[in-house]
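1. quick one: sequence and predicted model below, then my questions.
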Amino acid sequence: MSSATFEISRPNTEALETLIRESEEIPTIPESLLQIMKVLDDQDSGPADLARAVRLDAPLMGKILRVANSPYYKNAGSISDINRCVAVLGYRTVRQMTLTISVATSLVAAVSAAGGSMDYRDLWQHSVVVGAMAKQIAAWVRYRDPEEVFTAGLMHDIGKFILEIRFAADYDTLVAARAGTGRSLVDLEAEQFGFDHAQIGEAFGCVWTLPDAMTQGIAGHHRIHSAGQGADEPAICHFVRLADYLANTMAPPRSDLGFDPAGIEPAQLCAAIGLRLPDLEKRLPELRDAVDLAADYLDID
């Protein structure tokens, strides 16, 4: 795995750095995505350059086009070419879609090969639910880039994929035993590995040079603040944390993915993004509709 410099403002950075150096099982960024990210980082590049880079990876392009034609993007007519996809959905949307599908495909394939017992499809489904809800909430409050929030929600639990890839047996045992302890998953992860899944997800996001908004959503989705604290935290963290809370508390009930409601104050999270909790509760059916529309993101392997 290629190395990179990153900063984590929390304890146990030595354990994280050791894991990153020694983790040959964890996938590096695919070459096609490296080429795409070079295009995205080039201020002089544009939609045509992105389209050329995406065509280098035919399976990835096929997944992008399938999702682009799904009800989630409410398109009129069929999108059969990546140039048309950029023209219809916009450069930023296709950029976010490309990053998300490529990273998720690599992680899902690696988890499947690791041989653990984690239901990675269930975990990815949860990620899609969080992403769809976070995007819808961001749109309600007129956040500048709801698509950015969507990708942060999709990627928020990549640390769980990484722990399953690197420590399959130990992590499966920890997750299974947690239910009888009454303790939070992040606390148990930190005790056993020296870091939790949000921290390792943030670290690898930095190594892979994912966009800042994506790594912020990964890093912040389990941070707990008391009243009056965290006011200067990026809004994207509030969107992802609130959506994660809703995804784990709304019906239908979900399997235990390590969610811990202790310390989560939905009213406080709503206030942080300019939304009233009673108004959110009235619009829960709209969130369910948004999740249903995002179903095409479930089949990414």
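-> Yes, it's here. Numbers count the residues shown, from 1 in each chain.

2. wait, residue 118 sits on residue 175?
-> Yes. Assessed by C-beta atoms under 8 Å, residue 118 is found in contact with residue 175 at 7.3 Å. Placement of C-beta: from N, CA and C, glycine included.

3. name the SS class of residue 144, please.
-> The three-state assignment at residue 144 reads coil, by DSSP: H, G, I helix; E, B strand; the rest coil.

4. what about it, neighbour count?
-> 8 (other C-beta atoms under 10 Å).

5. likewise for the one 3 residues further on?
-> Residue 147 sits with 21 neighbouring residues when counted by other C-beta under 10 Å.

6. verify the stated contact: it with residue 135.
-> Yes. Between residue 147 and residue 135 there is a contact under C-beta under 8 Å: 6.9 Å.

7. residue ranges of the strands in the chain, please?
-> In the chain, no strands are found when defined by DSSP state E.

8. low pLDDT regions in it?
-> Within the chain, the ranges that satisfy pLDDT under 70 run 1-12, 22-30, 76-77, 224-232, 251-263, 301.

9. which elements pack onto the longest helix that it contains?
-> Ordering each helix of the chain by length in residues (DSSP state H) puts helix 91-114 first. Applying 3 or more C-beta pairs under 8 Å, 6 or more residues apart in numbering; DSSP states H and E, one finds that helix 91-114 contacts helix 31-41, helix 47-54, helix 58-68, helix 82-89, helix 120-140, helix 146-155, helix 158-166.

10. how about it as PDB, C-alpha atoms only?
-> Provided in PDB are the C-alpha atoms of helix 91-114 (Å, rounded to 0.1, in the frame of the first residue of the first chain):
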ATOM      1  CA  TYR A  91     -19.800  17.200 -13.300                       C
ATOM      2  CA  ARG A  92     -19.900  17.300  -9.400                       C
ATOM      3  CA  THR A  93     -22.600  14.600  -9.200                       C
ATOM      4  CA  VAL A  94     -20.700  12.200 -11.500                       C
ATOM      5  CA  ARG A  95     -17.500  13.000  -9.700                       C
ATOM      6  CA  GLN A  96     -19.000  12.000  -6.300                       C
ATOM      7  CA  MET A  97     -20.700   8.900  -7.900                       C
ATOM      8  CA  THR A  98     -17.400   7.800  -9.400                       C
ATOM      9  CA  LEU A  99     -15.400   8.100  -6.200                       C
ATOM     10  CA  THR A 100     -18.100   6.300  -4.100                       C
ATOM     11  CA  ILE A 101     -18.800   3.400  -6.500                       C
ATOM     12  CA  SER A 102     -15.000   2.700  -7.100                       C
ATOM     13  CA  VAL A 103     -14.000   2.800  -3.400                       C
ATOM     14  CA  ALA A 104     -17.100   0.800  -2.300                       C
ATOM     15  CA  THR A 105     -16.500  -1.900  -5.000                       C
ATOM     16  CA  SER A 106     -12.900  -2.400  -3.900                       C
ATOM     17  CA  LEU A 107     -13.800  -2.700  -0.200                       C
ATOM     18  CA  VAL A 108     -16.700  -5.000  -0.800                       C
ATOM     19  CA  ALA A 109     -14.600  -7.300  -2.900                       C
ATOM     20  CA  ALA A 110     -11.800  -7.300  -0.200                       C
ATOM     21  CA  VAL A 111     -14.300  -8.100   2.600                       C
ATOM     22  CA  SER A 112     -15.800 -10.900   0.600                       C
ATOM     23  CA  ALA A 113     -12.300 -12.400   0.100                       C
ATOM     24  CA  ALA A 114     -11.300 -12.000   3.800                       C
END
